[in-house]
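K.L.:
A structural model of the following input is requested.
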Amino acid sequence: MTRGRPGWLPVWIMALAAVALAAYSTTRVLCRTPLTTDEHSYIFQANTFLDGKLTRPCPPFTGFFHHKMIIAEKEVGWVSRYPPGHVLFLLPGAWLGDHHLSVMAGAGLALLLIAWAAALAGMGDARTAGARPDRTAAVMAGLLLLASPWFVFTYGTLLAHTSGMLATAALLAGYLVWRRYGRTLPALLAGLAWGWLCLNRTYTALLVALPFGLDALWLLWRRRDMRTLRGVLFFAGAAAAGVAALLVYNQLILGNPFTMTYLYYEPLEALGFGRRHYGEHNLVKGLTILRNNLKLMDLWLWGVPGGVLLYLILFALGRPRLWLVLLAPALAVPLGYVFFFHRGPHETGPGYYFEILPFVVVGAALGLRRIWTWLPGRAARRWAALVLVLLAAAGPVRHGLGAARELRALIEPRRELLAAKAAAPADALVFMVCPGPREDRPMDYAVFNPRGLASAPLALAAADGSEIAVARYFPDRRPFRLHLARPPFLEAMDRDAPYGFSLNAANAHRLTGSNFREADDAPTWRVARAGRDKDGMLAFGNYRNICPGRFSAVFEVKTVGPADGPVAVLDVTTSGGRRVLARMEVAAGRAGPVTLDFEVDEFLVIEPRVYYKGQGELWVRSMHVMERRE
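P.N.:
Numbers count the residues shown, from 1 in each chain. Model prediction:
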């Protein structure tokens, strides 16, 4: 060890500390509870890969298995809506039985790579003979990273930004090694790191690529030798391999190499301005998102207000010659996301900017290293180190304790629900019962099956009253309802109870007629009258699952003349109306229930319908389907 300089042991100790902090954030703060439903998508696909598959077959009763971050379609199968880069990162942990192990290890590896990048950046740009990596800069980078609540809490999640940040750290470290020593292997590894980032955070990878590409071409123009040319070609070729892998994955999943899975799932999530998933996106909204995310970054970067300003001051003090690969990516990513309609996850800091953290930390570390060199003697440096550590710890610790309380409060309802779900037997079929609309409810976190139909238990949404029919499809599983109360509780179901459901005609789709109520406290009818309304469907579009058995469909109707023929046609159909299970014409003068009996020998989706013939009056109040047990 060189006198007056720290060795590499502190960096290794800090890497272990990073692993420990990620483990604490995972187990004690977030309690292994997903911060967003994106994490479910990655777990699902990692388990699919472990089973030796790219996709799983589309499940039956698709609506009951709906998860907003997982595609479930007959044409595609059951597959994550995201590209596979982060999934590959989670595979080792998944193989060991805990996906979080990959992220915890990634936190330590990220610190080592960032520290190494800072050590190389601290050497400057000139290739001086005998120059060694700057270990002081490495230690400063490690301290700055550990002082970031943004880093600590994000690595408690399974979000793709964790492996994305690791990829940018590997890209920066590998690129700086190649730039310093001219070896082709680091250039190859840097290109592979960018390719991995492209397989994960594709848009971020494109924003980061421009500064690195320009710097590589500038270096080639300056040196003009075969060694540099070979390094540039290795770098670009390895990066292109990542693009090729993404195109191949898209082809295998969707049959189109140029369609991203998340755009297949929701085309309105594309880049640019215009109509998007959450309304119109324009420059003003994009700049508002930029402002809000920078305010978040300002606080979460080091746990104190003014973090972004402090970074810029330290970067300026460090006077790095490699500003194109240190500062430009840190600016390009936030500016680039002005063109994206969503601000991204923000519970642990601005998630879409997390991949720039290696560039920020290395740039700030160079400034701290310069301040360190200004101190006059060894004793002064020891006291300065003590003061630096105390000051660096105070803000992040205070912010971290407050953030930990807020995160626990946020995930507590989800944690309770998932604990109740986990308490169900392994062979259970659990229907989630959620009063009110499903959007932004804890049920989105509970209706998740990490191993497809082999999940234990199997979780479904109780959507339309068809639970008994669906439960009979899974005879080897015991059915339960999980009520999303506080606290949530399980209730056993009787799959052999008579199955039936009721439909309000006033809530059905229509091509003719209108709703009518005789008094405020009277029931609402769907009514069509000759001379006012044309012939056409008066009630249709209410689909329900049904199981093998004998059933009666009871329509509560009134028909009034005069009419030369039938006033209405009542039927029960399947296959989008192409197959009729029961049908009856109703003449004028009928009042009360009209019953159609039918029998099915398979699981179907049925649609009771009412057609108005364009003459007389037709009143429809309700439609009931009941199982017959004679």
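
K.L.:
nearest spatial neighbour of A423, skipping sequence neighbours?
P.N.:
L490 (6.9 Å; CB to CB, 6 or more residues apart in numbering). C-beta coordinates here come from the backbone N, C-alpha and C atoms, glycine included.

K.L.:
could you look up the SS state of F212?
P.N.:
Counting by DSSP: H, G, I helix; E, B strand; the rest coil, the backbone at F212 sits in helix.

K.L.:
phi, psi for the nearest residue to it once chain neighbours are set aside please.
P.N.:
Nearest non-adjacent residue to F212, counting by CB to CB, 6+ apart: V325, 5.9 Å away. Main-chain dihedrals, V325, degrees, to the nearest 10: phi -100, psi 0.

K.L.:
count of neighbours near V325?
P.N.:
Look at V325: counted by other CB atoms under 10 Å, it has 23 neighbours.

K.L.:
surely it touches A173?
P.N.:
No - using CB atoms under 8 Å, V325 is not in contact with A173; the gap is 11.1 Å.

K.L.:
give the bridge partners for the closest residue to W300 other than its chain neighbours, please.
P.N.:
Among residues not flanking W300 along the chain, G349 sits closest, at 3.5 Å (CB to CB, 6+ apart). For G349, the beta-bridge partners are E347 (DSSP bridges).

K.L.:
distance check, G349 against T154.
P.N.:
According to CB to CB, to the nearest Å, G349 stands 6 Å off from T154.

K.L.:
look up how far R477 lies from the nearest residue to A456 once chain neighbours are set aside.
P.N.:
Leaving out its chain neighbours, the residue that sits closest to A456 by CB to CB, 6+ apart is A426, at 3.9 Å. Distance, A426 to R477, using CB to CB: 10 Å.

K.L.:
who's more crowded, the two?
P.N.:
Neighbour count, other CB under 10 Å: between A426 and R477, R477 has more, with 19 against 11.

K.L.:
my read: that one touches D427, true?
P.N.:
Yes - contact status for R477 versus D427: in contact at 5.3 Å, counting by CB under 8 Å.

K.L.:
shared neighbours, those two?
P.N.:
Both R477 and D427 are contacted by P457, under the criterion CB atoms under 8 Å, 6 or more residues apart in numbering.

K.L.:
contacting residues around L453?
P.N.:
L453 makes contacts with 56, 59, as judged by CB under 8 Å, 6+ apart.

K.L.:
rerun at 6 Å
P.N.:
For L453, no contacting residues are found, by CB atoms under 6 Å, 6 or more residues apart in numbering.

K.L.:
same thing with P305?
P.N.:
P305 makes contacts with L299, as judged by CB under 6 Å, 6+ apart.

K.L.:
and for G400?
P.N.:
By CB under 6 Å, 6+ apart, the neighbours of G400 are P149.

K.L.:
for it, give me phi and psi.
P.N.:
phi -60, psi -40.

K.L.:
mind checking how far it is from F153?
P.N.:
8 Å.

K.L.:
counting neighbours, what do you get for I546?
P.N.:
When neighbours are defined as other CB under 10 Å, I546 has 24 of them.

K.L.:
ok, R180 next?
P.N.:
For R180, using other CB under 10 Å, the count is 18.

K.L.:
give me the element it is part of.
P.N.:
In the assignment (DSSP states H and E), R180 maps to helix 160-181.

K.L.:
tilt between the helix or strand just after that helix and helix 160-181?
P.N.:
Using DSSP H and E, the helix or strand that follows helix 160-181 in sequence is helix 184-198. Angle, helix 184-198 to helix 160-181, by axes from the mean of the first three to the mean of the last three CA atoms, to 10 degrees: 160 degrees.

K.L.:
now helix 184-198: buried residues?
P.N.:
Neighbour-count burial for helix 184-198, counted by 16 or more other CB atoms under 10 Å, picks out 186-198.

K.L.:
what is the distance between that helix and the centre of its chain?
P.N.:
In terms of CA atoms, centre = their mean, to the nearest Å, the centre of helix 184-198 is found 25 Å from the chain centre.

K.L.:
ok so, going back, got the buried residues for the helix holding R180?
P.N.:
For helix 160-181, the buried set under the neighbour-count rule, 16+ other CB under 10 Å, comprises 160-180.

K.L.:
quick one, strands of the stretch 301-450 of the chain?
P.N.:
Secondary structure of the stretch 301-450 of the chain (DSSP state E, counting those that start in this stretch): strands at 428-433.

K.L.:
tell me where it is predicted with low confidence.
P.N.:
Applying pLDDT under 70 to the stretch 301-450 of the chain flags residues 375-395, 435-441.

K.L.:
now do the helices in it.
P.N.:
With DSSP state H, counting those that start in this stretch, the ranges of helices along the stretch 301-450 of the chain come out as 307-318, 323-326, 328-336, 357-374, 378-422, 443-446.

K.L.:
picking that back up, you'd agree the residue nearest to A423 is in a strand?
P.N.:
Yes - the assignment for L490 is a strand, going by three-state DSSP.

K.L.:
remind me what the helix or strand hosting L219 packs against, helices and strands.
P.N.:
According to DSSP H and E, L219 maps onto helix 202-223. Applying 3 or more CB pairs under 6 Å, 6 or more residues apart in numbering; DSSP states H and E, one finds that helix 202-223 contacts helix 226-254, helix 323-326, helix 328-336.

K.L.:
next, the buried residues of that helix.
P.N.:
202-209, 211-212, 215-216, 219.

K.L.:
what's the answer for stretch 277-284, then?
P.N.:
H281.

K.L.:
pLDDT of that stretch, averaged?
P.N.:
Averaging pLDDT along stretch 277-284 gives 85.

K.L.:
end to end on it, go ahead and measure it.
P.N.:
Using CA to CA, to the nearest Å, the end-to-end distance of stretch 277-284 comes out at 17 Å.

K.L.:
mind listing what Y262 touches?
P.N.:
R81.

K.L.:
for it, helix, strand, or coil?
P.N.:
Classified using three-state DSSP, Y262 is helix.
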